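**Student:** Let's see this in three dimensions:
(chains A, B, C, D, E and F)
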4 protein chains.
Amino acid sequence: MTDTTLADEDVDPTPKLGRKRDHSRDPEILAAALDILAEKGYERMTVDMVAARARAGKATLYRRWSSKAELVIDAVACMKSSSHADLPDTGSLRGDLVANIKAPVMKDGERKLRIMAGMVSLMSESPEFADAARAAIVEPRAAALRVLIQRAIDRGEVARDVDLALLSQVIPSMTAYRTLMLGRPVDRDFVISLVDDVLLPALGLRAG
Amino acid sequence: MTDTTLADEDVDPTPKLGRKRDHSRDPEILAAALDILAEKGYERMTVDMVAARARAGKATLYRRWSSKAELVIDAVACMKSSSHADLPDTGSLRGDLVANIKAPVMKDGERKLRIMAGMVSLMSESPEFADAARAAIVEPRAAALRVLIQRAIDRGEVARDVDLALLSQVIPSMTAYRTLMLGRPVDRDFVISLVDDVLLPALGLRAG
Amino acid sequence: MTDTTLADEDVDPTPKLGRKRDHSRDPEILAAALDILAEKGYERMTVDMVAARARAGKATLYRRWSSKAELVIDAVACMKSSSHADLPDTGSLRGDLVANIKAPVMKDGERKLRIMAGMVSLMSESPEFADAARAAIVEPRAAALRVLIQRAIDRGEVARDVDLALLSQVIPSMTAYRTLMLGRPVDRDFVISLVDDVLLPALGLRAG
Amino acid sequence: MTDTTLADEDVDPTPKLGRKRDHSRDPEILAAALDILAEKGYERMTVDMVAARARAGKATLYRRWSSKAELVIDAVACMKSSSHADLPDTGSLRGDLVANIKAPVMKDGERKLRIMAGMVSLMSESPEFADAARAAIVEPRAAALRVLIQRAIDRGEVARDVDLALLSQVIPSMTAYRTLMLGRPVDRDFVISLVDDVLLPALGLRAG
DNA sequence: TGCTAAGCGAGACGGTACGTCGCGTCTTCGG
DNA sequence: CCGAAGACGCGACGTACCGTCTCGCTTAGCA
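**Tutor:** Next up, the predicted model:
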């Protein structure tokens, strides 16, 4: 993976001769990759399609990502990078959870379906891809929920001994399953049902 | 998709001349497909490999399944058809749920991982595949859990107004997510945690 | 080869249980084979096509001829079997040669082209096929010409020391070449030119 | 058919982007094709074999020749392009004809046999192939002989009114027939017999 | 400013798998 | 029990995609 977290920037001993790599093209390429991934699914997406849509050469893609799989992982990772530090803080766990429902998560159900399905397929191919994908996509979402629940614990709203690792997976698990396996949309009502009828009771809080 | 599980028994006007298709080979072929799918994953599995392992010609496979994808879906569908009417009945919902934990679900974690990952990828490629796979694989598991919960409702153990459709998905969702997205094993302790810390509280029952 | 010259009919020690093989179908099958060979050429002709056109089963064909190649050789051999003992005898070599021009040899140029081309292709595949095809097809034609020339020698019309083996090939060679390599029709005028301008001068006779 | 022998040099409006097709590989590929054609015959030759022997990918072959058949035709066409303007001039027709006997025509009888047989089969399959093959292979040989005979006419050695078109085909026809139909070698003695016993008498010259 | 290394879009390259079709064999029925 | 119909194992065909390499060009940075 090139720079999923865009953090490395390690110093390069060679003094960088020649033309610089034009990183301004990266977002266009990743967007093209996401589009095609969403339209066709991982298997029917081809690197040539991505290059053509991004008006780039295939070699340019392979200079940046060493395989179709890495390109897709990076593309999906970038997609999710919108929600980082903007966690809501409404004073109650339920308020936080409901406020955390992201509009983009629910729309484009078919699009997300294909994108996520591509990810799952990819993750099963090799442990490295799986690790990278988890770090880039899965873990950030779980971390956000862990933070919200931890705040509720700190406020005394929720008992200290709840299984944080387990319960922070409830919403991600059930939304992913609904999308991938059931092929049904994850709309606002569904997430609210999850909160009120599954997560909050499991945390020892009565439903709203 | 052929119809492995339910024969639709439609009358065929033509009197079926010529050699009959040898359906006794189907299980061998599907088993070979599952083996290779588990060994290599969907993408690295080849139709030639399956044909060779099953000592069959590629044309024979394509006569029965119109593509690699359909072959895999049928193979996975057949895999799951072992447990049908043998639902436990221990008198309590928790007892039923624990007794319903299937050993094979937990073993061969890597095998199942690759197999299910192939399925997810496939389901996203076409709605027909998705429907077939859901009917063959996803729905039966949910149905079993619905029955167990419904019994608990009938016994008065659980309130009448619980969201059966939602809660019957808790265990399938979270086990699938753990396997596919987290790449971690679904062992007995994990499922018992799910029962005691998520499902039973959500049904209004205190944990064991 | 089963029976190229349809001469064997060897006695069978086993007392022939069950239904006898229906040899009355052979001509229809061979005719179908010739038709398709002429229409499509050897490579694009398939055994299934022949069976279908002859309203026969493929197994029936393979019971009689052990391969597509043998079927074709037999078909071509039967085609030629019309001219056997009816050599003309006009009193002069030129008269005999002209009278020997067979109408069917000249018509259906395209048909003959494809048929002969199939033969050539076949002959190159294996020496056995080549031998069989020569015995069935090539040799009879040369033999007829040898007889005509030998008669002329016996009559004193032609010198004793002519190279019979060589000169009897002149007309077959040049008609075959014209058909196969030049793709042009072998009409009556062409054969008469051959006789008058090549063969007779080579035999020491002035042209007509 | 590509145009291996004569580049038609038509102006191409598009400025040829991308990597150039590496035409330096053409001879290697064609040589590999000829080798395998000679070893195995047309039917048992595989495109994969050719690609493997030429260390090329199958797609590279299909980018240049649209089918196995075209590849073979081009290969055979290139084979013959060695002798162009080096016609002998000994002062007498017989001398020219004998000097024109090409060693390579006689050697590798089996090799040539298989190669030519493939050609004949191919020529019968489509008129375009036949035209191309004639132009590339058949016609140049006949043209050389026409030139030799025409010179003899110009010298007054041979009568003005001989049928040049017909007589220039005598040697090609009879050597091809001997190779393809009779499966016998075309050695020097045979060609000399043709010259002395067939062609020269037909031209009104006494044999040597 | 002019040189040079590296970037760029385009597309050919070596491989590998796909899905199709043909050959020659085997099996199931109807006559 | 023969014969049509057609499924079977095998293997070649021609196509598509991956990841690499080459082409002619453009774009920096160093001189």
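
**Student:** For stretch A:21-35, what is the distance to the chain centroid?
**Tutor:** Centre-to-centre, stretch A:21-35 and its host chain are 18 Å apart (C-alpha atoms, centre = their mean, to the nearest Å).

**Student:** Contacts only, for residue A:35.
**Tutor:** The contact partners of residue A:35, taken as C-beta atoms under 8 Å, 6 or more residues apart in numbering or on different chains, are residue A:53. From N, CA and C alone the C-beta is placed, and that goes for glycine too.

**Student:** if I look at it, how far off is residue A:111?
**Tutor:** 9 Å (C-beta to C-beta, to the nearest Å).

**Student:** and what of residue A:117?
**Tutor:** Residue A:117 is 11 Å from residue A:111, where distance means C-beta to C-beta.

**Student:** who's more crowded, those two?
**Tutor:** Taking neighbours as other C-beta atoms under 10 Å in any protein chain shown, residue A:117 and residue A:111 compare with residue A:117 leading, 25 against 15.

**Student:** Apart from its chain neighbours, what residue comes closest to that one?
**Tutor:** Spatial nearest neighbour of residue A:117, chain neighbours left out: residue B:124 (3.0 Å); criterion: C-beta to C-beta, 6 or more residues apart in numbering or on different chains.

**Student:** where's that neighbour, which helix or strand?
**Tutor:** helix B:109-125 (DSSP states H and E).

**Student:** per-residue confidence averaged over that helix?
**Tutor:** Mean pLDDT, helix B:109-125: 74.

**Student:** And the contacts of the helix or strand where residue A:140 lies?
**Tutor:** Assessed by DSSP H and E, residue A:140 sits inside helix A:139-154. Outside helix A:139-154, the residues within contact range by C-beta under 8 Å, 6+ apart are A:80, A:83-84, A:87, A:89, A:92-93, A:96-97, A:100, A:158-160, A:162, A:164-165, A:167-169, A:171-172, A:203.

**Student:** Kindly list the single helix or strand of chain A that scores lowest on mean pLDDT.
**Tutor:** Across the helices and strands of chain A, mean pLDDT, DSSP states H and E gives its lowest value to helix A:103-106, namely a mean of 56.

**Student:** for chain A, what spans make up the helices?
**Tutor:** Here chain A has its helices, by DSSP state H, at A:26-40, A:47-53, A:58-64, A:68-80, A:93-99, A:103-106, A:109-125, A:127-133, A:139-154, A:164-167, A:170-180, A:188-193, A:200-202.

**Student:** May I see the buried residues of the third one?
**Tutor:** It refers to helix A:58-64. For helix A:58-64, a neighbour-count test (16 or more other C-beta atoms under 10 Å in any protein chain shown) marks A:61, A:64 as buried.

**Student:** Just the C-alpha atoms of it, please, in CSV.
**Tutor:** Output in CSV follows, covering the C-alpha atoms of helix A:58-64 (Å, rounded to 0.1, in the frame of the first residue of the first chain):
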residue,chain,number,x,y,z
LYS,A,58,-2.0,2.2,-17.0
ALA,A,59,1.7,2.7,-16.1
THR,A,60,0.8,5.8,-14.2
LEU,A,61,-1.5,3.7,-12.0
TYR,A,62,1.0,1.0,-11.5
ARG,A,63,3.6,3.6,-10.6
ARG,A,64,1.4,4.6,-7.6
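
**Student:** And the contacts of it?
**Tutor:** Contacting residues not belonging to helix A:58-64 are listed as A:2, A:21, A:25, A:26, A:29, A:47, A:48, A:50, A:51, A:54, A:71 [C-beta under 8 Å, 6+ apart].

**Student:** let's see it at 10 Å
**Tutor:** A:2-3, A:21-23, A:25-26, A:29-30, A:32-33, A:46-48, A:50-52, A:54, A:56-57, A:67-68, A:70-71, A:74 (C-beta atoms under 10 Å, 6 or more residues apart in numbering or on different chains).

**Student:** and the residues you listed, which are buried?
**Tutor:** A:26, A:29-30, A:32-33, A:47, A:50-51, A:54, A:56, A:68, A:70-71, A:74.

**Student:** Please identify which of those residues is nearest to DNA strand E.
**Tutor:** residue A:56 (3.4 Å; C-beta to the nearest atom of the strand).

**Student:** mind checking how far the residue nearest to the closest one when sequence neighbours are not counted is from residue A:119?
**Tutor:** Take residue A:56 and drop its neighbours on the chain: the residue closest to it by C-beta to C-beta, 6+ apart is residue A:29, 5.8 Å away. Per C-beta to C-beta, residue A:29 is found 18 Å from residue A:119.

**Student:** Stretch A:37-46 near DNA strand F at all?
**Tutor:** Yes: Stretch A:37-46 lies within reach of DNA strand F by C-beta under 7 Å from any atom of the strand, at A:44, A:45, A:46.

**Student:** now stretch A:23-33
**Tutor:** No: with C-beta under 7 Å from any atom of the strand as the measure, stretch A:23-33 is seen stopping short of DNA strand F, the closest distance being 10.3 Å.

**Student:** and that stretch, what's its mean pLDDT?
**Tutor:** Averaged across stretch A:23-33, the pLDDT comes to 94.

**Student:** Can I get it as CSV, trimmed to CA atoms?
**Tutor:** Written as CSV, here are the backbone C-alpha positions of stretch A:23-33 (Å, rounded to 0.1, in the frame of the first residue of the first chain):
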residue,chain,number,x,y,z
HIS,A,23,0.1,13.7,-7.2
SER,A,24,-2.7,16.0,-8.1
ARG,A,25,-4.0,13.2,-10.3
ASP,A,26,-4.4,10.8,-7.4
PRO,A,27,-7.8,11.9,-6.3
GLU,A,28,-9.2,11.7,-9.9
ILE,A,29,-7.8,8.2,-10.3
LEU,A,30,-9.2,7.0,-7.0
ALA,A,31,-12.5,8.6,-7.8
ALA,A,32,-12.5,6.8,-11.1
ALA,A,33,-11.6,3.6,-9.4
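
**Student:** Residues contacting it, please?
**Tutor:** Under the contact criterion C-beta under 10 Å, 6+ apart, stretch A:23-33 has outside partners A:2-3, A:45, A:47, A:49-56, A:60-61, A:64-65, A:68, A:71-72, A:74-79, A:115, A:118.
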